[in-house]
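A.B. asks: Give me the fold of what follows.
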Amino acid sequence: METKLREAADAEAAAVLDRAAKMSGVALDALRKKFPARPVSDEWPTSVLSRGEVLDLLSAPPFDYGTGSGLESRLGAVRAVLTWLESFPGESWQMRWRNSRAEEMSHTELTQAVSDWFLQRRKAFKRDNLGTGVLVLVCADVVRVNPGWLLSRGSNLREMIFKTRDPLGFEELRKISQLGDDWTRQTARWAQRKIAAVMAFKGGGVKDITVGDCLELLDMPGKSLAWRYTGNSLLYSWLHALGFFPPDAPTASGVFAFSPVNSLRSSSSTDSLWSISQYEISSLIT
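C.D. replies: This is a model prediction of the structure:
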């Protein structure tokens, strides 16, 4: 009996989400047209640096933090990733990254593919070099990587972007956050991670993020609804509070009211559904 109730509840929740997605599509499309996201180009100044110039950049502040052995380990990871990327065509590191089709693979699959590449050439390669090397190149804005792919690897992207890309911008965010939600609680940490991921994908600092960039997060594929939506409204409210969005930018409630999950949460027919527990709806809308 319990199994049948569960199945019925899940089916009803899925139907609610489907209806919400269709209703929200028109409203979100209008917002996206008015506030387009920044495009990601094939090249920009740091993406066309030579191999030697990239290594010089990463040997200087703010990337030379930590002990000497830590820095050399990071540079070794970067050298490995650059060596692999050089096997693909392109006039920039970004074009080589795209031509590698790395983002079409899971992190496990990519690590195996790169390991096999080095093995076939009888070159040494540490498996953990891939993740570290890609992350350092992302922080230095040598390559720009899709937020969903970056966030799915559970890296310390947030800490590294905070430290190397825009520490003053993140300090402003921290001060803004203390007006309400605690900077260290789970939803706030998700908001910080997603801000870091947007910067990693689009380039620039905190105040370069646009309304359209935030809207793109609603399209980001994820492992679950909780993973996909947690922190979105909070990060937008922080950025909006910093005062650099255009005067006619909608509030967080005006943007994320269109979220299918918000519709599921507000639907009286689903208040007692098993799916609410399953998707942790209480943590999705901040």
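A.B. asks: neighbours around Gly243, how many?
C.D. replies: Number of residues near Gly243 (other C-beta atoms under 10 Å) recorded here: 9. All C-beta spots, glycine's among them, are computed from the backbone N, C-alpha and C.
A.B. asks: centre of the chain versus stretch 192-212, how much separation?
C.D. replies: 9 Å (C-alpha atoms, centre = their mean, to the nearest Å).
A.B. asks: my bad, stretch 206-226
C.D. replies: With C-alpha atoms, centre = their mean as the basis, stretch 206-226 stands 8 Å off its chain's centre.
A.B. asks: Over to stretch 123-135?
C.D. replies: Relative to its chain's centre, stretch 123-135 lies at 20 Å (C-alpha atoms, centre = their mean).
A.B. asks: Which positions in that stretch come out as buried?
C.D. replies: Phe125, Asn129, Leu130, Gly131, Thr132, Gly133, Val134, Leu135 (16 or more other C-beta atoms under 10 Å).
A.B. asks: And the residues you listed, which is closest to Leu110?
C.D. replies: Using C-beta to C-beta, Leu130 comes nearest to Leu110 of the buried residues of stretch 123-135, at 6.7 Å.
A.B. asks: So that closest one: helix, strand or coil?
C.D. replies: Going by DSSP: H, G, I helix; E, B strand; the rest coil, the secondary structure assigned to Leu130 is helix.
A.B. asks: Point out where this structure drops to low pLDDT.
C.D. replies: The chain contains residues with pLDDT under 70 at 1-25, 154-155, 179-182, 221-227, 256-286.
A.B. asks: Distance check, Ser253 against Leu75.
C.D. replies: From Ser253 across to Leu75, the span is 46 Å (C-beta to C-beta, to the nearest Å).
A.B. asks: Which one's more surrounded, the two?
C.D. replies: A direct count of neighbours by other C-beta under 10 Å for Ser253 and Leu75 places Leu75 higher, at 18 against 12.
A.B. asks: surely that one meets Leu58?
C.D. replies: Yes. Between Leu75 and Leu58 there is a contact under C-beta atoms under 8 Å: 6.2 Å.
A.B. asks: How about stretch 103-112, which residues are buried there?
C.D. replies: Buried residues in stretch 103-112, defined by neighbour count with 16+ other C-beta under 10 Å: His107, Leu110, Thr111.
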